[in-house]
Each structure stands twice: as structure tokens, then as C-alpha cells.
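A.B. asks: Using only what follows, build the 3D model:
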Amino acid sequence: MYEEGLQDVRRFDIPYKAKPGSLPTFLLVDRGDCFFTKKAWNAQNAGAAAILVADDKIEPLTTMDTPEESGNTDYLENITIPSALITKSFGDKLKKAIDNGDMVNVNLDWTESLPHPDERVEYEFWTNSNDECGPKCDSQIDFIKSFKGAAQVLENKGYTQFTPHYITWYCPDSFILSKQCKSQCIPWEILCTDRT
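C.D. replies: Model (predicted):
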């Protein structure tokens, strides 16, 4: 099913929910007008099983991100359908096939999206000594604390491979006693001690 926009799918008065026993409905929409997440939320509310967003220009694909929008964004945590950004050329091919009345069968396959050559999901976490930077960092720390147990179980059972990264800075001698250096940096003397 193709819709030009998806500001609010309810305006179309079309049910996208698949009938029992039939294939699920994937909704193809154009990029623009509203955030990716809003398109996914509207598609989900209309009954679609997944949403494909066709880029509106020829360019390398970007990662769809959570919007920094004001107002009610509670819906972000309630999106359960998969979504993907596709190239303009692929979107144009799908639209042409749909316009011609061809049967279009789409399979979503995430195997190329995640690096997992050994059948494990590999993920990384980057942090630094400046992790006391306000609400955003507080949220990050809360996530780390709540995800710790699940991460350990996933790692111990061999489902994931986790690689942490901790960024440190070198402080020049003239700044070693500064507040910033004391809170974020490791003095060169400490880095060099006991090295053989």
C-alpha cells in the first residue's frame, strides 16, 4: 500500500490492518512532512504491520533518529512495528510496480544491519569521564544501571558481544591542577608509571 505522505493516516479512512489469513500490510510512504517516528506511529495506529519510508532525494541513506520535537512524544516508546528508510530509486521501483497493479511482496531482513558473523549481536557503548553532565547523562546512567543485569545474561549465554569504550584525556602539565583536568583527565605521570 502506498501513500504520498503520512502526517495523519486517519484522514484517508483506509484500514491497513491485514485480514486474518492474509499477508501483513507494509505501508510505503514518502519522506517529508513529519518525523519518521510520527509516520511509524500513525501507520501502526492505522493497522500497518511495517512501514517503509522512501527517501525524497538521491543520497546515501542516513539513520532514522528520535526527533528533538516539543510536545507530547510519549508515543515514541509505544512504536512496535518495524520501520526502514529506503533509497529513492528503490522506492520509485516499488511505487511503479504498485501503480501497475503488480503483486509486490516485501521481506524485511535485518541480517545485514547488525554485525554478527558468529551469530551474536555485537554492540558497543562509549562513555567518558564527563558523565555527570546533567539530565541527558543522568538518563544514560539510569539506562546503564537498569540494563546491566540483562546485558550480563545475554553475554554469559553467548547471545551478544559487548565492547565498552572509555574515553580519557591527557592534561598538559600547566593544567594538571585545574578543576577540569582533575575531573576528566589522567595526568601523564599516572599513564606512564609502571610501564615496561
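
A.B. asks: Could you double-check that residue 31 sits in contact with residue 51?
C.D. replies: No: counting by C-beta atoms under 8 Å, residue 31 does not reach residue 51; the two are 11.4 Å apart. All C-beta atoms are positioned from the backbone trio N, CA, C, and that covers glycine.

A.B. asks: Which one's more surrounded, those two?
C.D. replies: residue 51 (28 against 19; other C-beta atoms under 10 Å).

A.B. asks: after the helix or strand harbouring that one, next one along is what?
C.D. replies: Assigned by DSSP states H and E, residue 51 falls within strand 50-54. Proceeding N to C from strand 50-54, the next assigned helix or strand is strand 83-86, under DSSP H and E.

A.B. asks: Walk me through which strands that following strand pairs with, and which way each runs.
C.D. replies: Using DSSP bridges, the strands paired with strand 83-86 are strand 50-54 (parallel).

A.B. asks: Could I get the contacting residues of residue 163?
C.D. replies: Contacts were defined as C-beta atoms under 8 Å, 6 or more residues apart in numbering; by that measure residue 163 touches 122-125.

A.B. asks: Return the alpha-carbon coordinates of the helix or strand containing it using CSV.
C.D. replies: Using DSSP H and E, residue 163 falls within strand 160-167. Extracted C-alpha coordinates of strand 160-167, given in CSV (Å, rounded to 0.1, in the frame of the first residue of the first chain):
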residue,chain,number,x,y,z
THR,A,160,25.9,-10.9,22.5
GLN,A,161,29.4,-9.5,22.5
PHE,A,162,29.7,-6.2,24.4
THR,A,163,32.6,-3.9,23.9
PRO,A,164,32.8,-0.9,26.3
HIS,A,165,34.9,2.2,25.4
TYR,A,166,36.0,4.8,27.9
ILE,A,167,37.5,8.0,26.6
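
A.B. asks: Give me the sheet partners of that strand and which way each runs.
C.D. replies: Strands that pair with strand 160-167, judged by DSSP bridges, come out as strand 121-128 (parallel).

A.B. asks: For the partner strand, C-alpha coordinates in CSV please.
C.D. replies: In CSV, the C-alpha atoms belonging to strand 121-128 read as follows (Å, rounded to 0.1, in the frame of the first residue of the first chain):
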residue,chain,number,x,y,z
VAL,A,121,24.7,-9.4,18.2
GLU,A,122,27.8,-7.2,18.7
TYR,A,123,27.3,-3.8,20.3
GLU,A,124,29.5,-1.1,21.8
PHE,A,125,29.0,1.6,24.5
TRP,A,126,31.0,4.8,24.5
THR,A,127,31.3,6.9,27.6
ASN,A,128,33.8,9.2,29.2
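
A.B. asks: Show me what counts as buried in the helix ranked longest in the chain.
C.D. replies: Ranked by residue count under DSSP state H, the longest helix found in the chain is helix 135-156. Residues of helix 135-156 classed as buried by neighbour count (16 or more other C-beta atoms under 10 Å): residue 154.
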